[in-house]
Structures are given as C-alpha cells and as structure tokens.
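> please find the sequence and the predicted model below.
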Amino acid sequence: MVGYLFLAILVFSLVAFHVGRATGRNFAAPAGGQVHSLPSYHGAFVAVWVGVPALMLLLIWVALQGKVIDSLLIGMLPAAVTEGAAPAEISLILSEIKNVAAGRIFGQPTPEVRAAAEALLRWEEIARWSMVVVVLALMLVAMFFAHARLAPRFQARNSVERFLTGLMIAAAAAAILITIGIIASLVIESASFFNKVPIQEFLFGLRWEPQMAIRADQVAGSGAFGAVPVFMGTLLISVIAMVVAVPVGLFAAIFLVEYASEPVRNVVKPILEMLAGVPTVVYGFFAVLTVAPAVRQAGSVLGIAVSPNAALAAGAVMGIMLIPFISSLSDDALRAVPRTMRDGSLAMGATRAETMTKVLLPAALPGIMGGILLALSRAIGETMIVVMAAGLIATLTINPIDSVTTVTVQIVTLLIGDTEFDSPKTLAAFALGLVLFLVTLGLNVIALTIVRKYREQYD
C-alpha cells in the first residue's frame, strides 16, 4: 500500500505541475508581459505544495503507525500478562502476536494472543485505508489552495527558489549530521575500548590476538591488542597497490594526452575507465582464483615458499583496480596545463618527450600527487579485495610473499560472531575504524589541498 501511495503522490504532483503550468500560460497570454513568473514556475509551485506535504505525512505515518499499534496491543492485554514484564518479554509477546496474525503459528497460542492478533489485523487494515484517505485528501486540498493562489503577478518563482534553497540546505545539513554521527559513534565506542585496553598498548603493541577468555580456565584467552602488525599489513598491501597503479596509470595518462591520436584516445580511455566500474568482489575473485595461484606457481618455479594468502596477490589486484583512478586524475591534471606552455616548449626545439618530462609533468605534478594521495586513501580503506585475498593472522613483516592482515579484514572479522558487543574484542573494531578514518581523512585533506592550489594556479 505504501508503494502505491508513493506512486500516487508522484502522479498527483505531475498532474499538479501540468495544471499550474496551464494556468500560468493562461495568465501570460493576455497579460502583455505583466506576468512575474514563467508558467513552469507556476506548475512547480503547485506540484511542490501537492507532493511535499503528502510525502512528509506519509513518511511520518509509516514511522509512527507501528509504534502506535504496538501500544494499543500492549494496552489490550490483561494486566497479569504485562505487569512487571521486562521490555524484552514485552517484545517477545508482540512478536508472537504478529506471527499469529501473519499465520506463522508455532504451538497453541493463548486466547489473549489470538484476540490481540485479530485486533492487530483490524487495526492495520483501518490504518492502511485511513492513510490512503488522509494522504489523498491532503493532496486534493493542497492542489485547490495552491492553485487558488496563482495570479499574473504571483511570485511563484521566488517561492520555488526558496523551496529549492531550503532543500539544498537540508541536504547539506543531513550530510554534516551523518558525518558527525559517524565520528561520534566511532569516538564513543573507541573510548569504551580504551577504558579496557590501554591506548599505548593498542598503538604500539607488537602482538595482535583479539581473543577473550570465555571461561576462567581457558588457555590463551587473555587477548593481545597491539595493532602494529595490522597497521603494517595495511601499509604493505597499500604500498604494493601503489607500486602497481602509479606507473601504469601515469604512463597511460601520458600516452593518452601526448602520444595517442584522437580516435585511439576515444577507444582506449573508455576501455581503461571500464575497470573503475568493475565491482570489488569481482576483483576479489580474480585475486583468489587467478593471481594468488599464479604467484604461488611462480614462487615454486623459483624455489621460494609463497603463502597461500600472500600480500603480493591482494596488493597487485588492488593496484589494477586503482589504475583508472590515477589515470583519469593524471589525465585531467596534464590537460589542465595551459596550452601555451606546451607550444612554447615545442617552439624552442624540445621534443615531445622532453616537453612532457620537463614542462607538463612538473606543471601538473601537484594535481598528479593529489590524485595519487586520493588513490592511496582508497587503497587503505578497501575492504572486499583484502577480505577475500589477504590473510586473517596478523604477522609483523614486510615480506610481500608472506600472509598479512589489514585493518578492514580485522574489522570484518571482529564484528562477525556472537561475542558480546561490549567486549574488548568487538570494541577493537571501532578503535581500528577510528584510526582508519583519521588516516584516510588526513590523506583526503592533503590531496584536496594540493589539487586546490594547483587549480588556483592555472585558473
């Protein structure tokens, strides 16, 4: 029913737009240029007043309907059932009532539960049709009053622009509030973790074994939360990814900017950027099924023991994923260099290679570095590839053929299972997430600062 109401609101808004626009055209015909707003603004004004209040009412209704019905159900139950019951017990009773109402009956429900289930069906039916009637009535009333306000000198454009301004401000505020909420949740849960585990142990400890004892006599259950091996594994895989992505992406950008003809560029650039649209889970499968066996086989040929989850495989595939990212940003940076600098270098007798290495690359270096830092932050925060291709055991090593783990792998691992939410093992995921957030935020700020200075220099 809610989906049909959303469709009805859309249809009514379109009808209201056409009605308002037709009215605006009627004003414009005999007015001789005395109309304040274009007909489209008249239509948008009516559509906004028809669609937005109805949409807000529908969302509020859907959000509150379940809570109101739950309160009514609790109120109709006998006092002997609800008196002194804990919130969890009340929740179980409501779940049983809803299961019976939906026909999912396990065992023999009590008469009180069966009566409450029948009442639930009645109230939900009444609520659905009431919602339909109220929303449709609101749209009709809003269309009548909004259309009645239209006039040749009515400032419909100002009203629509004020609405759009408010909408953009609300969207910006929502983005800011969501960011604040994310930061607050990370900080609060990380503070709970650091109350249980010293922060110096987390930041400088060399052993990562986040296993907590379930029984008093459990062996090796005390846990160790030194995150240096996790950070080292993340850094190792990220460095491998950048070693693969930076040269290939930069050389691809140089070829497309300076050496490729326009037909070749029109073919190669879209094909290269198709890599950016491949889901990361596909890269993960590619790493597990193709790259990792190839690395192990190459190691066996050379007589080198390679771990099944070598950092080299995960880093190489992550570098392939980042190639279009660096290539596109480097291409934009090189093309943003003023044409006069390139032409002046060629006029002085420099070759195309000398012009690229001594003029274009130095001039575009801030933009290229900004793109590389953005790609590095993407590599540090990548999850799916390293979850599928990297190891789970934290090893303090810089050997690329050894198995390592990363921050994102550990976050996924720590949050899977039935461990208590307030245990240090679970809270460690938030501490890792906070560190990851601060690192990627710092890299993004540095990259954006570099790019901004570069753009200001040549705008």
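The structure has been received and is ready for your questions. Numbers count the residues shown, from 1 in each chain.

> quick one: secondary structure of residue 152?
coil (DSSP: H, G, I helix; E, B strand; the rest coil).

> residue 19 versus that one, what's the distance?
17 Å (Cβ to Cβ, to the nearest Å). C-betas here are computed from N, CA, C, even on glycine.

> which one of those two is surrounded by more residues?
Applying other Cβ atoms under 10 Å to residue 152 and residue 19 shows that residue 19 carries more neighbours, namely 19 against 16.

> what are the phi and psi values at the more buried one?
Backbone torsions for residue 19, taken as degrees, to the nearest 10, come to phi -60, psi -50.

> any stretches of this structure with poor pLDDT?
Residue ranges of the chain with pLDDT under 70: 28-33, 80-82, 84-85, 106-107, 211-223, 417-421, 451, 454-459.

> repeat that with 50
The chain contains residues with pLDDT under 50 at 213-216, 218-220, 459.

> break it down into its structural domains.
As recorded under automatic domain parsing, the domains making up the chain are 2-153, 155-196, 224-458.

> just say which of those domains is most tucked in.
Comparing the domains of the chain by mean neighbour count (mean count of other Cβ atoms under 10 Å), domain 224-458 ranks first with a mean of 18.

> now it: how far from the chain's centre is it?
Put simply, domain 224-458 sits 19 Å off its chain's centre (Cα atoms, centre = their mean, to the nearest Å).

> could you dump the domains of the chain to CSV with distance to residue 205?
As requested, the domains of the chain are exported to CSV (distance: least, Cβ to Cβ, whole Å):
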stretch, distance to residue 205
domain 2-153, 38
domain 155-196, 13
domain 224-458, 2
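
> show me what contacts the residue lying closest to residue 397 once chain neighbours are set aside?
In space, and not counting its chain neighbours, residue 397 is closest to residue 404: 6.5 Å by Cβ to Cβ, 6 or more residues apart in numbering. Contact analysis of residue 404 by Cβ atoms under 8 Å, 6 or more residues apart in numbering lists 229, 232, 233, 236, 237, 311, 390, 391, 394, 395, 397.

> which of these fall within strands?
In this view, these have no member that belongs to strands under DSSP state E.

> what is the nearest of those to residue 428?
Residue 428 has its nearest neighbour among the contacts of residue 404 in residue 394, at 11.7 Å by Cβ to Cβ.

> report the separation between that closest one and residue 203.
14 Å.

> same check on residue 44?
Separation of residue 44 from residue 203 (Cβ to Cβ): 55 Å.

> look up how far residue 172 lies from residue 166.
11 Å.

> re earlier: from the contacts of residue 404, pick the one nearest residue 262.
Nearest member of the contacts of residue 404 to residue 262, counting by Cβ to Cβ, is residue 237, at 37.8 Å.

> wait, the closest one sits on residue 314?
Yes: in this structure, residue 237 is within contact of residue 314 by Cβ atoms under 8 Å, at 5.4 Å.

> what's the overlap in contacts for those two?
Common neighbours of residue 237 and residue 314 (Cβ under 8 Å, 6+ apart) are 386, 390.

> and the strands in this protein, which stretches?
All strands of the chain, identified by DSSP E, fall at 208-209, 224-225.

> next, format these as CSV and append distance to residue 181.
Output for the strands of the chain, formatted as CSV (distance: least, Cβ to Cβ, whole Å):
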stretch, distance to residue 181
strand 208-209, 29
strand 224-225, 26
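
> of all those, which one comes closest to residue 51?
strand 224-225 (52.2 Å).

> just checking, what packs against the closest one?
Counting contacts by 3 or more Cβ pairs under 8 Å, 6 or more residues apart in numbering; DSSP states H and E, strand 224-225 is packed against strand 208-209.

> parallel or antiparallel, list what pairs with the strand it packs on.
strand 224-225 (antiparallel) (DSSP bridges).

> so which residues make contact with the partner strand?
By Cβ under 8 Å, 6+ apart, the list of residues contacting strand 224-225 reads 197, 201, 202, 205, 207, 208, 209, 210, 424, 428.

> who touches the residue lying closest to the fourth one once chain neighbours are set aside in this structure?
For residue 205, ignoring the flanking residues on the chain, the nearest one in space by Cβ to Cβ, 6+ apart is residue 226 at 1.8 Å. Under the criterion of Cβ under 8 Å, 6+ apart, the contact list for residue 226 reads 201, 202, 204, 205, 206, 207, 208.
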